[in-house]
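[1] Any chance you can model this:
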Amino acid sequence: MSALQMDSKLQDDRAARYQMVALNALASLSSGDLRPQTLHRLRTHLRRLQAYLELVGENKNTKIISKCVSRLSRLRTLHACEQYLTRLGAPESDLWTIRDRIRTTLATLERKDAFWKIEHNVHWHSLSAAPADPDWMAARLQTLRRAHAHTLQGLIAKVVANPRRKSLHALRLRIKSIRYQEEWALDQPYARPEIVTRLKRMQSVLGRYEDRAQFRKLARALDLESYPKIVKGWQRARTRALTIPHELTGMIEDLAGRRLRLVGQEPRAASALLPGLRHAVGR
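    Here you go, the predicted structure:
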């Protein structure tokens, strides 16, 4: 077996391992495992499989696995909210309210056979039909890096123009996708580990804000006593999240490998998009 064939086999073996971890987590959930870490393990490995499918150009299967992740989003938010309320020292009434929502959400998922449907899709749609040639993968990732750079540039412009939750959420999802794709290349000569490290930190900051926004919405809807504390946490997380677009500019240029050119414009640095960012943070 040549070195190129070996690299391809390693990539496919890793995807198969991720599939097995996801299927095992699904089996545990179907058997009544209510631990948040089981759900987290499932969603993380589904995201990794989604990134792999996007890398190898399996667009239809990418969307299928993405929908599997989305079906579990509400349950994950409730788990995270319970953990956050516990750290805040929230009243037991708040915790019982959230736990009741967790039970209701689980019952709904079970009634709709959600875990079985996700298992079916993971079994049949989470792996590539054919191994990807390593040279092709290297070129593909480089192409995606340039595409991601342009996408990030546009998303940053939207955050600056309208620094709201929706635009920050879209930016977080793109960062997450890029990070998982870059992780697939960490054992390859074209790896960019410094980008992965920076993406993880940015994803964490934006994820914290998205969580706090979800918790704030839940607390208001459920009339939780902890609402004022949650609002303060949301405000701090938002201020920090709005600094991420500025931090992203240098990385965008690293991804693209050159200065960016928009249609009909001269090449320019991504930082040129951010003159209003300081003002946006203060909104």
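[2] Tell me how far the most centrally placed residue in the chain lies from Gln50.
    Geometric centre of the chain, nearest residue: Lys176, 3.8 Å, by CA atoms, centre = their mean. Applying CB to CB, to the nearest Å, the value for Lys176 to Gln50 is 10 Å. For glycine as for every other residue, the C-beta is placed from the backbone atoms N, C-alpha and C.
[3] Next, give phi and psi for Ala185.
    When read as degrees, to the nearest 10, the backbone of Ala185 gives phi -100, psi 0.
[4] That one contacts Ile195, doesn't it?
    No: contact criterion CB atoms under 8 Å: Ala185 and Ile195 do not qualify, at 9.9 Å.
[5] Please, which helix or strand holds the residue nearest to the centre of the chain?
    Per DSSP states H and E: Lys176 is located in helix 165-184.
[6] what residues does that helix touch?
    11, 14, 47-48, 50-52, 54-55, 141, 144, 148, 151-152, 155-156, 158-159, 191-192, 195-196, 199-200, 202-203, 206-207, 209-210, 213, 241-242, 244-245, 248, 255 (CB atoms under 8 Å, 6 or more residues apart in numbering).
[7] Which element, helix or strand, includes the closest residue to Leu224 other than its chain neighbours?
    The shortest distance from Leu224 to any non-neighbouring residue, by CB to CB, 6 or more residues apart in numbering, is to Asp94 (4.5 Å). Asp94 belongs to helix 92-111 when assigned by DSSP H and E.
[8] Going by contacts, tell me the helices and strands next to that helix.
    For helix 92-111, the packing partners by 3 or more CB pairs under 8 Å, 6 or more residues apart in numbering; DSSP states H and E come out as helix 73-88, helix 193-222.
[9] Count the neighbours of Ala70 for me.
    Just so we're on the same page, residue 70 is Ser rather than Ala. Ser70 has 11 neighbouring residues, counting by other CB atoms under 10 Å.
[10] Give me the pLDDT for it.
    pLDDT for Ser70: 96.
[11] Please report how far it lies from Asp223.
    Ser70 is 27 Å from Asp223, by CB to CB.
[12] How about Leu171?
    Taking CB to CB, one finds Leu171 at 31 Å from Asp223.
[13] more neighbours, those two?
    Counted by other CB under 10 Å, Leu171 and Asp223 do not tie: Leu171 has more neighbours, with 24 against 9.
[14] Model confidence for the more buried one, exactly?
    So Leu171 comes in at 97 (pLDDT).
[15] Same check on Gln265?
    At Gln265, the pLDDT value in this model is 40.
[16] Asp187 too?
    pLDDT, Asp187: 86.
[17] and what of Ala269?
    Per-residue confidence for Ala269 comes out at a pLDDT of 45.
[18] same deal with Leu273?
    46.
[19] Just checking the distance from stretch 27-36 to the centre of its chain.
    Remark: stretch 27-36 is offset 22 Å from the chain centroid, using CA atoms, centre = their mean, to the nearest Å.
[20] ditto for stretch 179-189
    Using CA atoms, centre = their mean, the offset of stretch 179-189 from its chain centre is 16 Å.
[21] next one: stretch 30-39
    Centre-to-centre, stretch 30-39 and its host chain are 20 Å apart (CA atoms, centre = their mean).
[22] Check the contact between Trp234 and Leu218; I expect there is one.
    No: the pair Trp234 / Leu218 is not scored as a contact, 11.3 Å apart, by CB under 8 Å.
[23] residues shared between the contacts of those two?
    Common neighbours of Trp234 and Leu218 are not found (criterion: CB under 8 Å, 6+ apart).
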